[in-house]
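**Q** The sequence and its predicted three-dimensional model are supplied below.
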Amino acid sequence: MAIARQLLNEELELSILMPCLNEAETLAICIQKARAFLKQSGVLGEVVIADNGSTDGSQRIAEEQGARVVHIENRGYGSALIGGINAARGKYIIMGDADDSYDFSSLSGFVSKLREGYDLVMGNRFKGGIKPGAMPPLHRYLGNPVLSGIGRLFFKSPAGDFHCGLRGFNKQSIISLGLETPGMEFASEMVVKATLHHLKITEVPSTLSPDGRSRAPHLRSWRDGWRHLRFLLMYSPRWLFLMPGILLFALGLVGTIVLSFGSLTISNITFDINTLLYLALIMILGVELVFFSFFSKLYSIVAGLVPPTDGMIKMLRKFTLEKGVITGGILLLVGLIGSIWALFEWGAESFGDLIPSTMMRITIPSLTLVIIGAQIMFSSFLISILNLKKIK
């Protein structure tokens, strides 16, 4: 009891946090390794078990081994960790799975980097080593490399292993990110938000050993892989909306301009008004995706999900509702003029039969301009509504 009071009165430097859901087979050895590290290193710390409703006696095992148990009612890997992070008393936290796949007795590299001032220290299993049978081939050669590669591409993150379960961080820095995903995608959310908020991130090699449990892991490859990918896409409107939108708009614009002047034959294949119609639709879709990118990015900033970027701030400073309405109005007017011209052409034929290949080259571009002009006008109003607070 005296030791417990002393620990409460002193500021703990480190909390070793393990999420737990029926980990009776391996929990004791994980806690023993963690406590051995604290004793051997002289780091003043604690072992915290964030229990997510275990029914196999894990709570009792944890208490017998000298760990502090925090009961988390909301189910899910992310929920357990969020609750554990909030309950941890240490300035720094090192989290890891309680399945004995990570060696909690070898945490010196994490502590050193945290003491150097890094906010997030990621383990990297591909640098530290993956023992035989520790990671399924699907995860090792496809899932982790692809998802980590996408994360690095989308967010310019320095982390090479987005989903390593062993990582250390400054408690207050991570709490300030407002992490909230309840499931396995929590691992991606932490890295992405830390990167977007310009926290200091580094990584240390970590060794992954085979899972010490006899039962199947909680991770579900395809379901949880999709949840990670979905999160990465949702937090990157640039790659989800903007890049595809620009590509579709450019393709549609060039094709529409070319076919508006006549058909085009390439290798005995003739592209005519039917192709023109599809290209016009592609261009409209491209414009819509570009605006989706702005809407989602602006909403994310206003809602506090991500910090404002320099590019977004510059764009909003230059943008005004009046500029958007005028630009859209001009395009809409040009489209209406083209439509009136088509009407006069029809009238010149006594409103009789027309040659589709001629008339459609007027009506399709005209209607496209009308739709895009209306999109720009109404989208400008929506951007202005979302930016009522004036992001600066």
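**A** Noted; the coordinates are in hand. Computed from a predicted structure; not experimentally measured.
**Q** so where's the stretch 101-250 of the chain uncertain?
**A** Scanning the stretch 101-250 of the chain for pLDDT under 70 picks out 216, 218-219.
**Q** rerun at 90
**A** Where the stretch 101-250 of the chain drops to pLDDT under 90, the residues are 133-144, 163, 183-184, 211-231, 233-235.
**Q** now the helices: where do they sit in it?
**A** Here the stretch 101-250 of the chain has its helices, by DSSP state H, counting those that start in this stretch, at 108-115, 125-128, 137-138, 144-155, 171-175, 186-196, 221-234, 237, 243-260.
**Q** Let's have those helices in TSV, adding distance to Leu333 and mean neighbour count.
**A** (Each C-beta comes from the backbone N, C-alpha and C, glycine too.) Shown next, in TSV, are these (distance: least, C-beta to C-beta, whole Å; neighbours: other C-beta atoms under 10 Å):
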stretch	distance to Leu333	mean neighbour count
helix 108-115	60	18
helix 125-128	58	18
helix 137-138	56	10
helix 144-155	39	18
helix 171-175	52	16
helix 186-196	40	23
helix 221-234	37	16
helix 237	30	22
helix 243-260	18	17
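**Q** Identify the residues contacting Leu367.
**A** When contacts are counted by C-beta atoms under 8 Å, 6 or more residues apart in numbering, Leu367 touches 280, 335, 339.
**Q** sorry, that was for Ile330
**A** Ile330 neighbours (C-beta under 8 Å, 6+ apart): Gly373.
**Q** got it, and Val334?
**A** If you count contacts by C-beta under 8 Å, 6+ apart, Val334 has them with 366, 369, 373.
**Q** Let me see the ranges of the strands in the stretch 1-150 of the chain.
**A** With DSSP state E, counting those that start in this stretch, the ranges of strands along the stretch 1-150 of the chain come out as 14-20, 45-51, 68-71, 92-95, 120-124.
**Q** that older thread, out of the helices of the stretch 101-250 of the chain, nearest to Ser384?
**A** Nearest to Ser384 among the helices of the stretch 101-250 of the chain is helix 237; the distance by C-beta to C-beta comes to 18.4 Å.
**Q** which residues are in contact with the closest one?
**A** When contacts are defined by C-beta under 8 Å, 6+ apart, helix 237 is touched by residues 292-294, 296-297, 300.
**Q** what would these look like in a markdown table with distance to Asp272 and neighbour count?
**A** Shown next, in a markdown table, are those (distance: C-beta to C-beta, whole Å; neighbours: other C-beta atoms under 10 Å):
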| residue | distance to Asp272 | neighbour count |
| --- | --- | --- |
| Phe292 | 31 | 17 |
| Ser293 | 32 | 21 |
| Phe294 | 35 | 22 |
| Ser296 | 37 | 20 |
| Lys297 | 39 | 23 |
| Ser300 | 43 | 18 |
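**Q** just these: which has the poorest pLDDT?
**A** The lowest pLDDT within the contacts of helix 237 belongs to Ser300, with 86.
**Q** that older thread, list buried residues within the contacts of Leu367.
**A** 280, 335 (16 or more other C-beta atoms under 10 Å).
**Q** Give me the neighbour count for the residue lying closest to Ala88 once chain neighbours are set aside.
**A** Setting aside the residues directly before and after it, Ala88 is nearest to Ser15 in space (C-beta to C-beta, 6 or more residues apart in numbering), at 3.7 Å. The number of residues packed near Ser15 is 22, by other C-beta atoms under 10 Å.
**Q** measure Ser15 to Lys113 for me?
**A** Distance of Ser15 to Lys113, given as C-beta to C-beta, to the nearest Å: 16 Å.
**Q** Any idea which residue is closest to the centre of this protein?
**A** In the chain, the residue lying closest to the centroid (C-alpha atoms, centre = their mean) is Leu232, at 2.8 Å.
**Q** any idea how far Ala159 is from it?
**A** For Leu232, the distance to Ala159 equals 12 Å [C-beta to C-beta].
**Q** any common contacting residues for those two?
**A** Taking C-beta under 8 Å, 6+ apart as the contact rule, Leu232 and Ala159 both touch Gly151.
**Q** who's in contact with Gly90?
**A** Gly90 makes contact with 12-15, 45-46, 171, according to C-beta under 8 Å, 6+ apart.
**Q** If we use 6 Å, what do you get?
**A** By C-beta atoms under 6 Å, 6 or more residues apart in numbering, the contact set of Gly90 is 12-15, 45.
**Q** Same check on Ile175?
**A** Contact analysis of Ile175 by C-beta under 6 Å, 6+ apart lists nothing.
**Q** Leu199 versus that one, what's the distance?
**A** Per C-beta to C-beta, Ile175 is found 12 Å from Leu199.
**Q** picking up where we left off before, where neighbours are concerned, which of the contacts of Val334 has the most?
**A** For the contacts of Val334, the largest neighbour count, defined by other C-beta under 10 Å, is 23 neighbours, found at Leu369.
**Q** Do you know the pLDDT at the closest residue to that one other than its chain neighbours?
**A** Spatial nearest neighbour of Leu369, chain neighbours left out: Gly335 (3.2 Å); criterion: C-beta to C-beta, 6+ apart. Predicted confidence (pLDDT) for Gly335: 95.
**Q** can you tell me the helix or strand for Gly335?
**A** helix 321-348 (DSSP states H and E).
**Q** in the helix or strand just after that helix, what counts as buried?
**A** Note on helix 321-348: by DSSP H and E, the next helix or strand toward the C-terminus is helix 356-386. Across helix 356-386, burial judged by 16+ other C-beta under 10 Å covers 360-373, 375-377, 379-380, 383-384, 386.
**Q** Please apply the same query to stretch 93-103.
**A** 93-103.
**Q** which two in those residues are spaced the farthest apart?
**A** Once C-beta to C-beta is applied, those give Ile93 and Asp100 as the farthest pair, at 19.6 Å.
**Q** quick revisit: mind listing what the residue nearest to the centre of the chain touches?
**A** Shown in contact with Leu232 (C-beta under 6 Å, 6+ apart): 150-151, 154.
**Q** same thing but at 8 Å, please
**A** Taking C-beta under 8 Å, 6+ apart as the test, what Leu232 contacts is 147, 150-151, 154, 188, 192.
**Q** List just the nearest of those residues to Val204.
**A** Nearest to Val204 among those: Gly151, at 18.2 Å, using C-beta to C-beta.
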